[in-house]
Structure formats: structure tokens, C-alpha cells
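Trainee: Build me a model:
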Amino acid sequence: MLAPQHPQSMQPTQPMQPMQPMQPMQPMQPMQSMQPMPYQPPPAKPGKGKKKQQQQQFPKYKDEKKTGTAKRFLGDTLAGRFVRSAVQTASSTWKLPESLSPWGDNNSLTLPNVRYRDAVLFTTFAFVGGPLLEAGGDALGGVIGCDTFAAEIINPVVEYFVYNTVAKYALFQIIEQAIDKGLLEHILPEEEKMLRTTSMRTLQCVVKHKLMDVDADLRLAGVTPSQNALSCEKGWFCPYLFASSRTPIIPRSQDFTIAQCFGPFLAGDYQLAHKLLSESAAVLSLCNPDPTVNIGVNRVLVTFIGITPYRGGMWSSSRRPGAALMNFHLLNGCPSMVIPVNNMAPIVAWSPTTLVSIKKPEFNPEWWHGQVCEFLDSIISIKDCVPGIRANYERALGRSTSMVINGALGLRDVQPGILKGLDPERAGIAFFRY
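Mentor: Model prediction:
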């Protein structure tokens, strides 16, 4: 049985302290207005900020075709280059009665590309008794600095192009002025000043690739029976294709008005067009020529240029493992032209008429002008031209082509010292898509 629990006695409570009177509230201080913090971009690494800016503004392109890594590795060794040159020489000799050599001339001999670094490697590895491989050659060449070149030399300079765009756009007013006044058959004072050649600029350009002994997709326009089977002027631009491992085949039995290359495409083709555009002294454009602006279609650059080998007057020095290294010559009295094109435009093309042909007394400039205009009319995209000339695009196209050709014709009276280093057999009008 549970015992009853007795309640504990309650302790007396402590007396409550009187409440202190509340202190009067201090008025709130007005909030200070926050100053916006300026954005501080992260510091860019030296030498990489400009390159990144160019990559953001210019679209990136990829090569259409690549040769296997193992095949390129073996073929790019010094021994592999000698074997490939021997095979190419035998093939060119066999085809020489029917076609020009891959270099676009009558010489079937194809020499291997031997560089300074190859001589250093040959001496080094012969001393230690090791194999001579291209991979080691690239590493050693980068260390000792032998035969180095700027790999990004063909990338256009953004600031230079943007600065010149204002001046180049103003040149289009010459065409509009001629159309308004109906002076298409006369030369305006502005044109005469533009077509005066006083200097020549030489660009050393590198076009990288991952091809090895691939046939170029060449298509000839305006084919007629050949008048001189031994003439090799029609192959003057072939070194650019063969140096980038795209073997061209030019038949001797056929003459043509335009030679067109449709592949394989290299990203360096567009980059080369950008560089030539930015370095041109004057550009007559039927559309916006800026490659950083997307107009919805491709464009074609029409210009008179000359090409020469990289070193020693030997084209073998331009055909390097994984790269084509050549010299391009631009004349300040030969304006360039840019037109929007449709999907029928080739990657690169050239006219078989060279500076040697221009200097002949029997040369007919009207015939040359008609052939170039006919080709450009077949690839131009009229709807993408400047709105002010769409209705008169034929007259504007003919006028611009006349200025390009007149600039080339003016080279007949130029002092020989200005054209020093230019091979007249390797100079003519070329077309570059971008």
C-alpha cells in the first residue's frame, strides 16, 4: 500500500526587481549607397590573350580529310621522304607525256624535302646509332631552334583588318560613281591612282595539314584542244596544291579558262584567304568582306598574286612534313575583289594566264576579261550582294573585274626593280573561297 506523500514546504520567492526604464531608440543612420564594383577580368597569360580573342572572332574550320597517323609518321621520316619522292618521280615520269608534273612544269623529278634539322638529326643519331624519326626531329628542332617558323603566321590580324575595312569600303564608291555617271568604259582618276604599282609585299605563309599523297579534285572550265602541249603556264598555281599533299593532274591535251579545286578542303585554305584579304592594298567588294561577319554564304577573293618557293628557288623546300610553306607576293597596284558565292564555288581556282602571257604583244585583254567574268557570273550569289547594286550586278561585276585585270596589265610598264623576286611564270589571277 502506497504511503501518502506529504507536500514539501514551499520556499519563499525572491522579490522581483523593478524593470529598468527603456532607453530611447536612437534614430537609424541612413544607409550608404553601395558603389558598384568594377569587373576585374582575370589576368591573361602572356602571349595568349590576343590569340584567344582572334579565335573567338574568327570561325573555326576543320580539315575535310586526314591521313592515318601511322602512315604519316612513317612517311615523314627522312627515309620515308626519300622513298616517297622516288615513287612520285617514277609516277610523274610515266605520266609526263600526257600531263604536267605535280609542280605544274615539265620536270618530272620530285626531290625530297631535307631541312636543317634533318642534317642535325642525321649526325646525332648516326653517332649514337639510333633510328632517325620525325617525332624526335620536331622535339629537337624546337629545342635548338633550327629551321623554326611561326605556325600561326597565316592567321589574320584582327586590328589590322578592322582598321583597313573603313578605307576598303570607301573604294566601292568608285564603282557606284561609275554606274551613276555611265563611265564604265573610262578610267576615273581614283582608279588610275589605285592601279599604279609602286611596291610589292612578300608574305611567308604556312598551311598545316594532315594529308599524305592525296589526289586533288580538279575540274576544268572552258576546255578546248591544246595549242601547245609543251606549255606549262596553265599549271602555274599547282605548287600550292602539291605542297599541301594534294596532287594535281593537268592534262597537256586540253586548254581551259579556269582550273577549279574542290578538295580535299583544308582549314588553312580559308585562313590563307583571310590573310591575303587583310594584306591587300585595295579591295573592291560586292558584299561585306569582313570574315568575322556571317553573311549566310561563302565569299570568294579574286586577286593577282605571285608564288615562289620558300628557299633556294627549289619547290621541294615548300613541301614539308605536315605543312606547306610558300611565299606569296602582293602588289599594291593590283586591287582585289570580293563577291558572295553560291554552293558551286570551288575552294581555290586560278586562271591559266600568267604575267608572261600578259607581256606578249598578241595578248588580248578583252578575251581574258570575258573568261573571268563568265566564271564569276556562274558562282555569284546575287541576293547576297549589296542591295544598291543587285539590279546592276552585271555592270558592277564587270567593272570590278576590269580593275583587277587593269592592275595586272599595268605590270608591263613597272620598273624591274619593283618586281625583284617575282617569277612571271608563277604569277596570275587566283580565286580563294572563305
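
Trainee: pretty sure Leu325 contacts Thr308?
Mentor: No. Here Leu325 does not reach Thr308: they are 11.3 Å apart, not a contact under C-beta atoms under 8 Å. The C-beta positions use only the backbone N, C-alpha and C, and glycine is treated the same way.

Trainee: neighbours around Asp423, how many?
Mentor: Counted with other C-beta atoms under 10 Å, the neighbours of Asp423 add up to 18.

Trainee: Contacts only, for it.
Mentor: Going by C-beta atoms under 8 Å, 6 or more residues apart in numbering, Asp423 touches 306-308.

Trainee: is it possible to export those residues to a markdown table including pLDDT, distance to Thr292 and neighbour count?
Mentor: What follows is those, written out as a markdown table (pLDDT from 0 to 100; distance: C-beta to C-beta, whole Å; neighbours: other C-beta atoms under 10 Å):
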| residue | pLDDT | distance to Thr292 | neighbour count |
| --- | --- | --- | --- |
| Gly306 | 96 | 28 | 26 |
| Ile307 | 96 | 27 | 23 |
| Thr308 | 94 | 30 | 19 |
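
Trainee: Between these, which sits nearest His209?
Mentor: Comparing the contacts of Asp423 against His209 with C-beta to C-beta places Ile307 closest, at 17.1 Å.

Trainee: Just name whatever secondary elements the helix or strand containing Thr303 is in contact with.
Mentor: If you go by DSSP states H and E, Thr303 is part of strand 299-309. Judged by 3 or more C-beta pairs under 8 Å, 6 or more residues apart in numbering; DSSP states H and E, the packing partners of strand 299-309 are helix 238-243, helix 267-279, strand 323-331, strand 336-340, helix 365-379, helix 393-409, strand 427-433.

Trainee: what's in contact with the longest one?
Mentor: The one in question is helix 393-409. So helix 393-409 is contacted by 175, 178-179, 184, 187, 191, 194-195, 197, 284, 286, 302-304, 331, 333-337, 339, 355, 358, 365, 368-369, 372-373, 376-377, 380, 382, 385, 389, 428-429 (C-beta under 8 Å, 6+ apart).

Trainee: Give me the buried positions along stretch 281-298.
Mentor: Residues of stretch 281-298 classed as buried by neighbour count (16 or more other C-beta atoms under 10 Å): 281-292, 298.

Trainee: Likewise for stretch 313-324?
Mentor: For stretch 313-324, burial by neighbour count (16+ other C-beta under 10 Å) applies to 315-324.

Trainee: Quick one: the residues you listed as JSON lines, columns for pLDDT too.
Mentor: Output for the buried residues of stretch 313-324, formatted as JSON lines (pLDDT from 0 to 100):
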{"residue": "Trp315", "pLDDT": "83"}
{"residue": "Ser316", "pLDDT": "81"}
{"residue": "Ser317", "pLDDT": "82"}
{"residue": "Ser318", "pLDDT": "85"}
{"residue": "Arg319", "pLDDT": "85"}
{"residue": "Arg320", "pLDDT": "82"}
{"residue": "Pro321", "pLDDT": "81"}
{"residue": "Gly322", "pLDDT": "83"}
{"residue": "Ala323", "pLDDT": "86"}
{"residue": "Ala324", "pLDDT": "89"}
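
Trainee: In strands only, show me these.
Mentor: Per DSSP state E, strands hold the following members of those: 319-320, 323-324.

Trainee: farthest-separated two in the residues you listed?
Mentor: Pairwise distances across those (C-beta to C-beta) peak at 8.9 Å, for the pair Arg319 and Ala323.

Trainee: Could you turn the buried ones of the contacts of helix 393-409 into a PyMOL selection?
Mentor: Per 16+ other C-beta under 10 Å, the buried members of the contacts of helix 393-409 correspond to this PyMOL selection:
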select buried, resi 175+178+179+191+194+195+197+284+286+302+303+304+331+333+334+335+336+337+339+355+358+368+369+372+373+376+380+382+385+389+428+429
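
Trainee: Okay, helices next: where are they in this structure?
Mentor: Ranges of helices within the chain are 49-57, 69-75, 78-95, 116-128, 134-144, 158-170, 172-181, 189-194, 238-243, 267-279, 355-358, 365-379, 393-409, based on DSSP state H.

Trainee: which of the ones you listed has the lowest average pLDDT?
Mentor: For these, mean pLDDT drops lowest on helix 134-144, to a mean of 33.

Trainee: Out of the helices and strands packed on strand 299-309, the one nearest Ala349 is which?
Mentor: strand 427-433 (4.1 Å).

Trainee: Check the model's average confidence along that closest one for me.
Mentor: Averaged across strand 427-433, the pLDDT comes to 97.

Trainee: which secondary structure elements does it contact?
Mentor: The contact analysis (3+ C-beta pairs under 8 Å, 6+ apart) places strand 427-433 against helix 267-279, strand 299-309, strand 348-354, helix 393-409.
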